Structures are given as structure tokens and as C-alpha cells.
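S.K.: Structure for this input, please:
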Amino acid sequence: MNFGNLLYWALAFLLVAIIAGVLGFGGVAGTAMEGARLLFWVALVLLVISLIMSLIRRS
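M.R.: Model prediction:
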């Protein structure tokens, strides 16, 4: 799985959360928002690890 896929799913969960919030489904919106937040942070951590590893390999 690459970063693009993780960010794609994070944006998909964010979109579901926004639509559910507008329609009044608070529980679904909260769950989808937490999923989007989790996927975003996982992608960010993996990106940082990947950047550090690539810098180490160049040395």
C-alpha cells in the first residue's frame, strides 16, 4: 500500500463524515472522521519514515 492509497481513503472518509454531518447522522460522521484522522496520521508517519530511510541510504 502506498501513501496515495492511504490519503485517498482518508479523503473518502472525510467526505463521508461531511455528508453524514450535513444530513444529521452524528454517529456516522464522528466514526468516519476518526477513520479519516487515523489514516491521515498513519500516512504522515509512513512518509516521515520513508524520507528518513532514503536520507540514510544516500549517506
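
S.K.: quick one: residue 20 and residue 28 touch, right?
M.R.: Yes. Using CB atoms under 8 Å, residue 20 makes contact with residue 28 at a distance of 4.2 Å. Using the backbone N, CA and C atoms, a C-beta is placed for each residue, glycine as well.

S.K.: if you count what's nearby, which of these two comes out ahead?
M.R.: Using other CB atoms under 10 Å, the more surrounded residue of residue 20 and residue 28 is residue 20, with 18 against 15.

S.K.: The more buried one: what's it in contact with?
M.R.: By CB atoms under 8 Å, 6 or more residues apart in numbering, residue 20 lies in contact with 26, 28, 29, 32.

S.K.: Residue 58 too?
M.R.: Neighbour list for residue 58: empty [criterion: CB under 8 Å, 6+ apart].

S.K.: Please determine how far it is located from residue 50.
M.R.: In this view, residue 58 and residue 50 are 13 Å apart by CB to CB, to the nearest Å.

S.K.: secondary structure element for the residue nearest to residue 26 when sequence neighbours are not counted?
M.R.: Leaving aside its chain neighbours, residue 26 sits nearest to residue 20 (7.8 Å; criterion: CB to CB, 6 or more residues apart in numbering). Assigning secondary structure by DSSP states H and E places residue 20 in helix 3-23.

S.K.: Would you mark the buried spots in that helix?
M.R.: Neighbour counts using 16 or more other CB atoms under 10 Å place 6, 9, 10, 13, 14, 16, 17, 20 of helix 3-23 among the buried residues.

S.K.: Show the contacting residues for the first one.
M.R.: Applying CB under 8 Å, 6+ apart, one finds that residue 6 lies in contact with 39, 40, 42, 43, 46.

S.K.: quick one: it from residue 28, how far?
M.R.: 21 Å.
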